[in-house]
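*Asks:* quick one: sequence plus predicted model below, questions after.
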Amino acid sequence: MRKLTYFIACSIDGFIGDPEGDASAMVSLVDEELLEFFRTEYPETLPTHGRRPLGMDDLPNKRFDTIIQGRASYDLALKEGITSPYAHLREYVASRTLGESPDPNVEIIADDLVGRVRALKAEDSAYDIYLCGGSKLAGELADEIDELVIKTYPIVQGSGMPMFASGFSITEFALESVRTLGNGIMVRTYSRKR
Ligand SMILES: NC(=O)c1ccc[n+]([C@@H]2O[C@H](COP(=O)([O-])OP(=O)(O)OC[C@H]3O[C@@H](n4cnc5c(N)ncnc54)[C@H](OP(=O)(O)O)[C@@H]3O)[C@@H](O)[C@H]2O)c1
């Protein structure tokens with residue numbers, strides 16, 4: 001069974017964006033060391049149009065071959081006229097309102113989200129599945145998440161969009177690794193205790 005990995009940027013106090021979800025306060029802290037981390041370990045987690053100017057266009061996928069996004073997260077690309085923001089991955093977008101996919105590389109999941117994700121996890125592949133977010137989708141899929149890779153940026157927000165839009169429920173994870181970057185960004189990897 002391959003893993004569903006929630007790979008996410010958040011503040012020290014656990015928010016993935018401002019109250020509307022805007023994550024630009026974190027994006028503004030991206031530096032060369034973090035880019036090197038992406039380049040060597042997770043190049044496929046950068047959007048296709050972001051990889052080009054960084055010279056990462058030809059880098060092979062290292063961890064993931066599939067991405068799943070919520071419609072609100074996908075909307076950010078659509079607003080820029082980009083219909084396949086992760087063209088180097090198989091793209092799935094959860095949405096009950098989008099209807100037909102605007103791009104042949106993007107499949108819309110309108111029904112039975114959990115069942116579809118379980119089927120993707122059961123596929124025979126050496127690569128895992130990148131759960132991109134946002135908060136609502138992560139909340140819906142919380143029980144299916146096998147791994148968390150949390151990039152914590154050295155900022156406190158006070159309020160904002162939580163990592164999971166879900167009700168109160170305790171789920172245990174085991175800490176697998178911690179990596180601290182020079183600019184104060186910390187990357188923690190956790191695996192789900194089952
Ligand atoms: N910090 C980070 O690393 C990071 C990463 C990703 C995103 N974000 C931020 O997250 C924000 C968006 O998060 P969000 O919580 O508002 O929205 P979201 O999770 O991206 O998308 C929510 C939408 O997904 C669809 N959806 C959710 N559950 C579904 C289900 N069971 N079946 C079918 N469709 C389902 C629905 O679309 P329909 O309404 O079309 O039905 C729902 O409105 C963005 O502003 C983005 O900046 C941050």
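*Replies:* Structure's in. What do you need? Residues are numbered from 1 along each chain as shown.

*Asks:* Asn61 versus the spatially most central residue of the chain, what's the distance?
*Replies:* Centroid-nearest residue in the chain, with CA atoms, centre = their mean: Cys132, separated by 2.1 Å. Per CB to CB, to the nearest Å, Cys132 is found 14 Å from Asn61. Bear in mind the C-beta positions are built from the backbone N, C-alpha and C, glycine included.

*Asks:* what do you get for Glu80?
*Replies:* With distances taken as CB to CB, Glu80 is found 23 Å from Asn61.

*Asks:* then Lys193?
*Replies:* In this view, Lys193 and Asn61 are 27 Å apart by CB to CB.

*Asks:* quick one: which of those two has more around it?
*Replies:* Taking other CB atoms under 10 Å, Lys193 and Asn61 do not tie; Asn61 has more neighbours (15 against 8).

*Asks:* contacting residues for the more buried one?
*Replies:* Neighbour list for Asn61: 43-44, 88-89, 127 [criterion: CB atoms under 8 Å, 6 or more residues apart in numbering].

*Asks:* what about the strands in the protein?
*Replies:* 4-11, 15-17, 64-70, 90-94, 106-109, 128-133, 147-153, 161-162, 173-180, 186-192 (DSSP state E).
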